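# Structure for the following, please:
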Amino acid sequence: MALSLLRTAFNTVKEKGLLHALRDAKHDGLLASLLDGNLMETKLHSIGARLVGVDKFGNKYYEKLINTQYGRHRWVEYADKKRYNASSVPPEWHGWLHYITDHTPDQLEGMKPVRYGIEHKPNLSGEGEDVTYHSKGHALNPSQRDWTRYEPWGTQ
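Presented below is the predicted three-dimensional model:
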C-alpha cells in the first residue's frame, strides 16, 4: 500500500513538476491533512483517481481502477473534515460505494422511482446536547415537565 502511494506521488511529480504538484496538493488540502492520518491516507490514495461526483452535502466520491485492490477502488471524502460521519452519505451514493450498482446517482435520476417521505438527513445522535433527543421527563430536556404539581397523599 505504501509503495503504491509513493509510486503515484512520484508519478504525479514527474508528470506535473514539483511546483505544480505542491500547488495542487495545497489546493486539495493535502498539506493541511498532515496531522490527520485518515485524511492523509485518503488524500494520498486519491492521487490519480477520478472524481465521480459530489453530493448535496459536499462529499466527494472517487474511483481508481488502476493499481488498486478490488473492493477498495471506490471511496468518499467527507465534506466535514473535522468529524467524518458515514450517515452523511445519501442512499443513492451508498449503493454506488458498496457496489450495489455501478450507476452514479446522476445516471439513476431517470430511473429513480417517486420517493415517499422526506429527504435524507445525517444521523446526529451523539453529536451534542442540542441535537440529542430527551424525553419529556428527562432532566436535560429544556421543556421539562413541571413536577411541582404533585401533592403527596397524607392522612388527615
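
# Quick check: phi and psi on H94?
Per-residue torsions, H94: phi -60, psi -40 (degrees, to the nearest 10).

# And for R74?
With angles defined as degrees, to the nearest 10, R74 sits at phi -130, psi 130.

# Now do the contacts for it.
Listed by CB atoms under 8 Å, 6 or more residues apart in numbering, the contact partners of R74 are V52, Y61, Y62, E63, W96, L97, Y99. Bear in mind the C-beta positions are built from the backbone N, C-alpha and C, glycine included.

# ok, now with 7 Å
E63, W96, L97 (CB atoms under 7 Å, 6 or more residues apart in numbering).

# For those residues, pick the one with the most neighbours.
W96 (22 neighbours; other CB atoms under 10 Å).

# Helix or strand next in line after the lowest-mean-pLDDT helix or strand in the chain, which one?
Within the chain, no helix or strand scores below helix 37-45, which has a mean of 61 by mean pLDDT, DSSP states H and E. The helix or strand immediately downstream of helix 37-45 is strand 50-54, counting by DSSP states H and E.

# Now do that next one: which elements does it pack against?
Other helices and strands packing on strand 50-54, by 3 or more CB pairs under 7 Å, 6 or more residues apart in numbering; DSSP states H and E, are strand 60-63.

# what's the strand it packs on in contact with?
So strand 60-63 is in contact with 46, 49-54, 73-77, 93, 96, going by CB under 7 Å, 6+ apart.

# Tell me which two of the residues you listed sit farthest apart.
V54 and H73 (18.4 Å; CB to CB).

# Produce a ChimeraX select command limited to the buried residues of the contacts of strand 60-63.
In ChimeraX, this line selects whichever of the contacts of strand 60-63 come out buried by 16 or more other CB atoms under 10 Å:
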select :46,49,52,53,73,74,75,76,77,93,96
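
# Just the buried positions in the longest helix seen in the chain, please.
If you go by DSSP state H, the chain has its longest helix at helix 2-16. Using 16+ other CB under 10 Å as the test for burial, helix 2-16 gives L5, T8, A9, T12, V13.

# Having no further points to raise, I will conclude here.
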